[in-house]
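Participant: Just a sequence and a predicted model for now, questions to come.
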Amino acid sequence: MQWLINSWYQPQPIRWLLWPLSLLFKAVLKLRAGLFRLNILKQHYLAVPVIIVGNITVGGTGKTPFVIWLAKQLQQAGYRPGIISRGYGGHAEYYPQNVMANSDPMIVGDEPIIISRHTMCPMVVAPDRVAAGISLLKQYDCNVIIADDGLQHYALGRDIEIVIIDGQRQFGNQLCLPAGPLREPMSRLNKIDFIVENHGENTANHTMTLSQLDAVNLTDRTKKRTLSSFKGQTVHAIAGIGNPQRFFEQLSSQGLSLISHIFDDHHPFIAEDIEFNDQKAILMTEKDAVKCQHFADNNTWYIPIEASISGKLDQHILQKLAGITPHG
């Protein structure tokens with residue numbers, strides 16, 4: 001499918017062959033939105049405010065580090081946030097599923113485990129976000145819910161919508177699926193409360209900067225190395241994420257020489273995927289590490305990232321949150 005993704009960001013004739021399907025996709029979106037507007041399809045509001053964090057494009061934009069940042073800001077402000085998500089990549093026998101720091105990524109997905117580890121917030125995953133939210137509130141004393149990647153899940157009522165944009169790739173050819181990367185038309189952004197641009201330069205939006213932290217060993221998470229300690233070395237760099245080139249570019253900027261290995265987003269890693277029969281260090285994203293930690297050797301490291309946001313976004317969100325009337 002990489003050829004299709006490439007066609008979204010580079011001029012290729014295939015987009016025009018797929019354009020009629022994009023028109024059909026947009027028509028379905030418009031019909032669905034109309035059904036919710038007419039209350040034919042029901043939108044369920046939970047008893048506490050819901051903050052949606054999502055995007056209008058396919059692929060990684062940086063939602064996970066933003067959700068972690070947002071949860072910490074809410075905690076510092078005295079809120080008790082809970083988090084819900086689809087749990088993409090997980091295949092549980094039943095839902096909803098609670099997420100813990102040591103959960104199985106094959107059951108709950110990879111990104112929820114990262115969020116749970118960094119925030120220590122109660123977290124529940126389910127394809128039905130309403131069911132996930134209800135389950136969360138039954139079990140935990142939360143007074144605000146963050147919905148990770150729930151922008152298009154309109155059955156879940158929301159009070160604040162935040163969209164994360166890839167500042168480098170932007171919106172590609174600005175066409176809807178499958179001819180382009182858009183999950184919804186560009187006009188959807190006009191209804192969003194806050195827009196955050198990851199690695200962007202648009203001063204009209206809040207910007208998010210992702211910083212790479214010290215490398216952490218997969219076999220012993222108390223063991224760390226600075227990225228500068230790998231400088232001048234040739235390392236294996238592994239990325240099974242939405243935008244692997246960003247990860248590789250960040251490592252290269254630190255002076256590392258890379259042997260790059262690209263996998264599909266949410267790839268279910270097995271031991272053979274990271275066996276290279278040499279002594280070179282292996283560096284990967286934290287998202288990939290949660291699926292490799294049980295078979296990695298002591299020369300395998302993951303690179304955590306930390307988000308910082310411009311424009312006092314935390315204060316703006318808290319101000320809007322304070323003005324929300326409880327639903328239940």
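Facilitator: Received, thanks. Computed from a predicted structure; not experimentally measured. Residues are numbered from 1 along each chain as shown.
Participant: Got the phi and psi for the closest residue to Q279 other than its chain neighbours?
Facilitator: Using Cβ to Cβ, 6 or more residues apart in numbering and skipping the chain neighbours, the partner closest in space to Q279 is N299 (7.2 Å). Every residue, glycine included, has its C-beta placed from N, CA and C. Note on N299: its backbone torsions stand at phi -110, psi 20 [degrees, to the nearest 10].
Participant: any idea how far S252 is from N299?
Facilitator: 20 Å (Cβ to Cβ, to the nearest Å).
Participant: now swap in N202 and tell me
Facilitator: On the measure of Cβ to Cβ, N202 and S252 end up 25 Å apart.
Participant: shaky segments in the chain?
Facilitator: 1, 203, 328 (pLDDT under 70).
Participant: Quick check: longest helix in it by residues?
Facilitator: helix 14-37 (DSSP state H).
Participant: Correct me if wrong: A92 contacts G109.
Facilitator: No - between A92 and G109 there is no contact under Cβ atoms under 8 Å: 9.2 Å.
Participant: what do the two both touch?
Facilitator: V125 (Cβ atoms under 8 Å, 6 or more residues apart in numbering).
Participant: who's more crowded, the two?
Facilitator: The residue with more neighbours, out of A92 and G109, is G109; 27 against 16, by other Cβ atoms under 10 Å.
Participant: what residues are up against that one?
Facilitator: 85-90, 125, 266.
Participant: F263 now?
Facilitator: 238-240, 244, 269, 273, 288.
Participant: Could you list which of those belong to strands?
Facilitator: Among the contacts of F263, DSSP state E puts 238-239 in strands.
Participant: can you list the contacts of F263 in JSON lines and add neighbour count and distance to P81?
Facilitator: Putting these into JSON lines (neighbours: other Cβ atoms under 10 Å; distance: Cβ to Cβ, whole Å) gives the following:
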{"residue": "I238", "neighbour count": "28", "distance to P81": "31"}
{"residue": "A239", "neighbour count": "24", "distance to P81": "29"}
{"residue": "G240", "neighbour count": "23", "distance to P81": "28"}
{"residue": "P244", "neighbour count": "21", "distance to P81": "30"}
{"residue": "F269", "neighbour count": "22", "distance to P81": "30"}
{"residue": "D273", "neighbour count": "17", "distance to P81": "34"}
{"residue": "D288", "neighbour count": "27", "distance to P81": "26"}
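Participant: Can I get the contacts of F263 in CSV including distance to N39?
Facilitator: Shown next, in CSV, are the contacts of F263 (distance: Cβ to Cβ, whole Å):
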residue, distance to N39
I238, 47
A239, 44
G240, 41
P244, 42
F269, 44
D273, 48
D288, 43
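Participant: The stretch 51-200 of the chain: helices as residue ranges?
Facilitator: 63-76, 105-108, 110-119, 129-139 (DSSP state H, counting those that start in this stretch).
Participant: can I get the CA coordinates of the shortest one in CSV?
Facilitator: Once side chains and other backbone atoms are set aside, the C-alpha atoms of helix 105-108 remain, and they are given as CSV (Å, rounded to 0.1, in the frame of the first residue of the first chain):
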residue,chain,number,x,y,z
PRO,A,105,-0.1,-5.0,22.9
MET,A,106,-1.6,-7.9,20.9
ILE,A,107,-4.8,-7.4,22.9
VAL,A,108,-5.0,-3.6,23.6
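Participant: Show me the contact partners of that helix.
Facilitator: 87, 89-92, 97, 99, 113, 125, 268, 290-291.
Participant: Got a quick ChimeraX command for the buried subset of those residues?
Facilitator: Selection of the buried residues among these in ChimeraX, burial being defined by 16 or more other Cβ atoms under 10 Å:
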select :87,89,90,92,97,99,113,125,290,291
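Participant: quick check, nearest of the contacts of helix 105-108 to P20?
Facilitator: Set against P20, the nearest of the contacts of helix 105-108 by Cβ to Cβ is G89 (31.0 Å).
Participant: now that closest one, nearest residue through space, not along the chain?
Facilitator: G89 sits nearest to H266 (Cβ to Cβ, 6+ apart), 3.8 Å away.
Participant: Could you verify my assumption that that neighbour touches G240?
Facilitator: Yes - the pair H266 / G240 is scored as a contact, 6.8 Å apart, by Cβ under 8 Å.
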